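Undergrad: fold the following, please.
(chains A and B)
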Amino acid sequence: EAAVTQSPRNKVAVTGGKVTLSCNQTNNHNNMYWYRQDTGHGLRLIHYSYGAGSTEKGDIPDGYKASRPSQENFSLILELATPSQTSVYFCASGHQGANSDYTFGSGTRLLVI
Amino acid sequence: AQSVTQPDARVTVSEGASLQLRCKYSYFGTPYLFWYVQYPRQGLQLLLKYYPGDPVVQGVNGFEAEFSKSNSSFHLRKASVHWSDWAVYFCAVSMYQGGRALIFGTGTTVSVSP
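TA: Model (predicted):
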């Protein structure tokens, strides 16, 4: 079954440390996305990708980098984690077309202390 | 700019009563619209989606939504709510640029009373 898998499910990081969130999809979708979810804000787009080697800034990219080494994998990198980056992060994949379906991962809960 | 507004942060409804969740969008052109549900500590699950065509869309678990271009709305409805519908509901629109990313509203929490 096609899916989006995120790892880890939960992460505790120290302020100033480096954090990498991983996402793998088996949908063969070209596009992949990283969102963060915070109370009162819904889901906000951090970075997205059109395919292997491509990364683009979303609405709130500051403090985050992304990497898309292959069609299947899309990582979100926090080089210097801060407590304000404590959140739940969701990865998703979708087709390029206007009538795309989207598949979401189960989320990663990140606590930065 | 493209955006989605869900004006109700929380709605409480009695089990068996009807439910309507409001969604207003701002979009240039013809929008592709979605409703997702998020159960506690879980990811997002698709309830239904609107692609240009019939304005009333049927979804899973008895949910339906109606698209109105004149009102820029995509309201979600259910005739009879069950306790298992206790969740957060998100309305979203697919961007025509930006990798077709979804733009989400802030969500509406539905609480079901006995």
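Undergrad: tell me what the helix or strand of chain A with the lowest mean pLDDT is packed against?
TA: Taking mean pLDDT, DSSP states H and E as the measure, chain A has strand A:102-104 as its least confident helix or strand, at a mean of 91. Strand A:102-104 is packed against strand A:87-94, with contacts defined by 3 or more C-beta pairs under 8 Å, 6 or more residues apart in numbering or on different chains; DSSP states H and E. No exception for glycine: its C-beta is placed from N, CA and C like everyone else's.
Undergrad: again, only this time at 10 Å
TA: Under the contact criterion of 3 or more C-beta pairs under 10 Å, 6 or more residues apart in numbering or on different chains; DSSP states H and E, strand A:102-104 touches strand A:4-7, strand A:31-38, strand A:87-94, strand B:33-38, strand B:44-50.
Undergrad: quick check: mean pLDDT of the fourth one?
TA: Right, strand B:33-38. Average pLDDT, strand B:33-38: 95.
Undergrad: again, but for the last one
TA: Rounded to a whole number, the mean pLDDT of strand B:44-50 is 93.
Undergrad: now the next helix or strand along the chain from that strand: buried residues?
TA: Next helix or strand after strand B:44-50 toward the C-terminus (DSSP states H and E): strand B:56-58. Burial within strand B:56-58, assessed by neighbour count using 16 or more other C-beta atoms under 10 Å in any protein chain shown, is assigned to B:Val57.
Undergrad: and what of stretch B:83-97?
TA: In stretch B:83-97, counting by 16+ other C-beta under 10 Å, buried: B:85-95.
Undergrad: what's the span of that stretch, first residue to last?
TA: Start-to-end span of stretch B:83-97 (C-alpha to C-alpha, to the nearest Å) is 38 Å.
Undergrad: excluding its backbone neighbours, what's nearest B:Gly16?
TA: Leaving aside its sequence neighbours, B:Gly16 sits nearest to B:Ser80 (C-beta to C-beta, 6 or more residues apart in numbering or on different chains; 5.4 Å).
Undergrad: and A:Thr39, how many residues sit next to it?
TA: 12 (other C-beta atoms under 10 Å in any protein chain shown).
Undergrad: er, A:Gly40 I mean
TA: With other C-beta under 10 Å as criterion, A:Gly40 counts 7.
Undergrad: that one and chain B, how far apart?
TA: Distance, A:Gly40 to chain B, by C-beta to the nearest C-beta, to the nearest Å: 6 Å.
Undergrad: fine by me, we can end here.
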